[in-house]
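Engineer: coords please:
(chains A, B, C and D)
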There are 2 protein chains.
Amino acid sequence: MTRTTADVTFLRGYNQALVMALGRTVRTFERSTVVDATGLTPQAVSKVIARLTADGLLRPAGVRRPGIGKPAVVYELVPESRYAIGAHVARRTLRLVLVDLAGTVHYSAVSPLPGDFTPEQLLDALKSGIDAITGSNDLDGRLTGVGIGMIGPLDHANGLVRDAHGLRHWHDVPLREIAETHLGLPVHLDKDVTAGITAEAWRHGGTFGDAVLIMVESGIGGGFWLGGTAHRGAHTNAGEFGHTVVELDGPPCVCGRHGCLEIVHNHAAEAGDIGRAARVLAVGVVNLLQTLDLSHVVLAGADLLRHAQHYLAAVEEAVHTDVPRADWLSTDVTLSSLGADVIAAGAAMQVLDKHYGVPDLAPPQRQRSAGRDRHSGVKI
Amino acid sequence: MTRTTADVTFLRGYNQALVMALGRTVRTFERSTVVDATGLTPQAVSKVIARLTADGLLRPAGVRRPGIGKPAVVYELVPESRYAIGAHVARRTLRLVLVDLAGTVHYSAVSPLPGDFTPEQLLDALKSGIDAITGSNDLDGRLTGVGIGMIGPLDHANGLVRDAHGLRHWHDVPLREIAETHLGLPVHLDKDVTAGITAEAWRHGGTFGDAVLIMVESGIGGGFWLGGTAHRGAHTNAGEFGHTVVELDGPPCVCGRHGCLEIVHNHAAEAGDIGRAARVLAVGVVNLLQTLDLSHVVLAGADLLRHAQHYLAAVEEAVHTDVPRADWLSTDVTLSSLGADVIAAGAAMQVLDKHYGVPDLAPPQRQRSAGRDRHSGVKI
DNA sequence: CGAATTTAGCAACAGCGTTGCGTAATAGGG
DNA sequence: CCCTATTACGCAACGCTGTTGCTAAATTCG
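Structural biologist: Take a look at the predicted model:
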């Protein structure tokens, strides 16, 4: 995609993003804070802060007077300097949120979607919902774009919905492209769970380690944050956590296998045994910890949040007893800090992240082979 | 740890590493190949190639004469310009290999380790084994260091063995440090499975996507390569794939849970039913694909390779039938290309990767908080 | 042999962080 | 009140990247 050529200008964006990430987490900081956090020289930090201040992303917020010496200027992020709109497209509802640069949700609204809706119907709902937001808020030039979090399978890199589960009119729909022309705004498309974990990571800033967002909402999915970025897998298809087998020779699942976590969980939930459903989910969570060694488990999704304390207790219990414990091995389990807004808010933050987040270098993936080297003709 | 300050000199190393990665995969390339692959200007590529050639890492290998115009100079990696030694420390054996810059194994030897060996005994075995290698090969100044792949749990970042499973004398042993002084060489310590997947990734170069190395050797583990680097998890404890539950209320496992993949698999294997053992493993592999969406599955480990074709067939079968198939969803399953040498070779390649691999930027992890900002005293 | 074509390199340049050093702002002591 | 120590901050020159503009070299073809 966007090839990041590793030239000098990359450094500017990278170091600026480091400062922005710091500003998002600590709310107030000074030059020496950045020096400690980044390893840059004070002089370089001065330049970075000057640039960001000139762009309106940062502003001075008083001084620190620790005792002897000249007081240090304290800076803070300007949350209202940039906004993004996030959309959570579920099977029957569309949720829209307005998020600022600090990750605060300023507005949230749900509207119903027609059963088995078409791309056109979704675009119209998006358009009117977004118009309502931009109409009642003064965002002139500060709206970065629109993020869409949606059920998969989809192709994040190309903005393509391949086959949304349970929606008939969604085969190979280039949603990002048509939404961009329809809305006149940059659009970012991703799986719902991936958007969700991005929300948690964005709000926590650089302190956030490897994590998973478990979402129970008609199905069971997982969004992963590994090594400082969202993990989407080779085909944007990571996260089908509900379709991992936990009971060999268990009941058949729609996916064709037997004893999937999702089917076992749902049977228990449908039988009214929330305790067992939660414990089954907890087994899956511990499986993830054993496999990936995560430091955060975030629980979300309408069906889970309806019995939030049951699930939280069961997962915490399992994490603390089933994983071979040691003092150095710690994982915290929490409910999503954004509740029902996580997915939509995370989609919005992905847009902000694209512009103001810490950038990746050129992905080491293969370019289209120009075929240059294959003509052979090599001669010693 | 090693803070990578995002200054200009970082670019040099980064772009050089891109060229080296290319050279490792294509064996022969020219300036325009690099231009296409990196997005740099031809002039910049000339400078990079000149630097690498001066260091002896690259050399011209003829010219390409495609027709009209001045012939292009063809370059190739100089495999014998750098070497690293890799060690695979298992419960009863020590395997040592010599690997060159291209990832080719030049020497491999196994020696027995005393039952329940101590750190001192391991160091002595390492020392004499490495002396044998350096004695019979002329490596003056071209030996980059020693990599150790070992059973965990351990702390990769600090080079600390926390509690090697089944070895009594290994609690909080600072192996990297003591090995460096004992051997007089830079030492890199990592989990065996993580070293293994690094071997596969290093040899495949930039084309290698998200992948797992499944290792069956007394236990069952998994090494992950995600997003262009090894995934070690929050506490270097990722990969305990054998301790994921696949059979709720199954037989008890040493880890305290019931129905772990490892115990179910081992019961089948011990009963002589390799077919079932392989199918159980395959269920676990498909679980991983559903969760992480990987493009490569590599099978390794002595117990697996003993029945390689059974396992390969079972996993391939499961991958091609159990994952909801689509043309865009492809995963290839292979046996480890290095056989029993994977772990040791991968450990060696980690050392080479540290110097000649594509570097990460400063990890967005928290520095020790200097406490600077907490004194408050902020005043508007 | 000259024109067209492709590759390669020299030289000047722009943009990044770094280094050296001077200046501003504060508290404490004589 | 002045002087000093201390801390924060910025200007200016510098070194190092990759980039741009332009020239030279090597080859094929007419």
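Engineer: Strands of the stretch 201-350 of chain A, start to end?
Structural biologist: For the stretch 201-350 of chain A, strands defined by DSSP state E, counting those that start in this stretch occupy the ranges A:211-217, A:219-226, A:229-231, A:296-300, A:332-335.
Engineer: looking at those, which is closest to residue B:49?
Structural biologist: Among the strands of the stretch 201-350 of chain A, strand A:229-231 comes nearest to residue B:49, with 30.6 Å by Cβ to Cβ. Backbone N, C-alpha and C define where each C-beta goes, glycine included.
Engineer: is that closest one up against chain B anywhere?
Structural biologist: Yes: Strand A:229-231 is in contact with chain B by Cβ under 8 Å from any Cβ of the partner chain, via A:229, A:231.
Engineer: Now render the strands of the stretch 201-350 of chain A as TSV, adding distance to residue B:282 and mean pLDDT.
Structural biologist: Below are the strands of the stretch 201-350 of chain A laid out as TSV (distance: least, Cβ to Cβ, whole Å; pLDDT from 0 to 100):
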stretch	distance to residue B:282	mean pLDDT
strand A:211-217	24	97
strand A:219-226	21	96
strand A:229-231	23	94
strand A:296-300	27	97
strand A:332-335	31	96
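Engineer: low-confidence ranges in chain A?
Structural biologist: A:1-6, A:324-326, A:362-380 (pLDDT under 70).
Engineer: so which residue of it comes closest to DNA strand D?
Structural biologist: Per Cβ to the nearest atom of the strand, residue A:69 is where chain A lies closest to DNA strand D, at 2.3 Å.
Engineer: how deep is that residue tucked in, by neighbour count?
Structural biologist: Each residue near residue A:69 was counted by other Cβ atoms under 10 Å in any protein chain shown, and the total is 7.
Engineer: separation between it and chain B?
Structural biologist: 12 Å (Cβ to the nearest Cβ, to the nearest Å).
Engineer: For that residue, what is the enclosing helix or strand?
Structural biologist: Under the criterion DSSP states H and E, no helix or strand holds residue A:69.
Engineer: do you know how far it is from residue B:134?
Structural biologist: Note on residue A:69: its distance to residue B:134, by Cβ to Cβ, to the nearest Å, is 55 Å.
Engineer: Residue A:190 is in contact with residue A:175, correct?
Structural biologist: No: with contacts counted by Cβ atoms under 8 Å, residue A:175 stays clear of residue A:190, the gap being 10.9 Å.
Engineer: joint contacts of these two?
Structural biologist: A:148, A:150, A:154 (Cβ atoms under 8 Å, 6 or more residues apart in numbering or on different chains).
Engineer: Could you pick out the buried ones from those residues?
Structural biologist: By neighbour count, with 16 or more other Cβ atoms under 10 Å in any protein chain shown, the shared contacts of residue A:175 and residue A:190 hold A:148, A:150, A:154 as buried.
Engineer: so which of these are also by DNA strand C?
Structural biologist: Among those, no residue lies close to DNA strand C (Cβ under 7 Å from any atom of the strand).
Engineer: What is the nearest of those to DNA strand C?
Structural biologist: Using Cβ to the nearest atom of the strand, these come closest to DNA strand C at residue A:148, 31.7 Å.
Engineer: and the angle for whatever helix or strand the closest one lives in with strand A:219-226?
Structural biologist: Assigned by DSSP H and E, residue A:148 belongs to strand A:143-150. Angle, strand A:143-150 to strand A:219-226, by axes from the mean of the first three to the mean of the last three Cα atoms, to 10 degrees: 130 degrees.
Engineer: ok, and what's touching the following helix or strand past strand A:143-150?
Structural biologist: Remark: after strand A:143-150, the chain's next helix or strand is strand A:154-155, criterion DSSP H and E. Applying Cβ under 8 Å, 6+ apart, the set of residues contacting strand A:154-155 from outside is A:160-162, A:164, A:175, A:189-191, A:235-236, B:328.
Engineer: After strand A:154-155, which helix or strand is next?
Structural biologist: Counting by DSSP H and E, what follows strand A:154-155 is strand A:160-163.
Engineer: got the CA positions of stretch A:257-277 in CSV?
Structural biologist: Provided in CSV are the C-alpha atoms of stretch A:257-277 (Å, rounded to 0.1, in the frame of the first residue of the first chain):
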residue,chain,number,x,y,z
ARG,A,257,-16.2,-28.7,12.9
HIS,A,258,-17.3,-30.1,16.2
GLY,A,259,-17.1,-28.6,19.7
CYS,A,260,-16.2,-25.1,18.8
LEU,A,261,-15.9,-22.7,21.6
GLU,A,262,-18.8,-20.7,20.2
ILE,A,263,-21.3,-23.6,20.0
VAL,A,264,-20.4,-25.0,23.4
HIS,A,265,-20.7,-21.5,24.9
ASN,A,266,-24.0,-20.8,23.2
HIS,A,267,-25.5,-24.0,24.2
ALA,A,268,-24.8,-23.2,27.8
ALA,A,269,-26.0,-19.6,27.5
GLU,A,270,-29.2,-20.7,25.7
ALA,A,271,-29.8,-23.2,28.5
GLY,A,272,-29.6,-20.2,30.9
ASP,A,273,-26.4,-21.5,32.5
ILE,A,274,-24.4,-18.2,32.3
GLY,A,275,-22.0,-19.5,34.8
ARG,A,276,-21.0,-22.4,32.6
ALA,A,277,-21.0,-20.2,29.5
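Engineer: so what's the residue nearest the centre of chain A closest to, chain neighbours aside?
Structural biologist: Residue closest to the mean C-alpha point of chain A, counted by Cα atoms, centre = their mean, is residue A:198 at 1.9 Å. Once flanking residues are discounted, residue A:198 sits nearest to residue A:346: 4.4 Å by Cβ to Cβ, 6 or more residues apart in numbering or on different chains.
Engineer: All set now, cheers.
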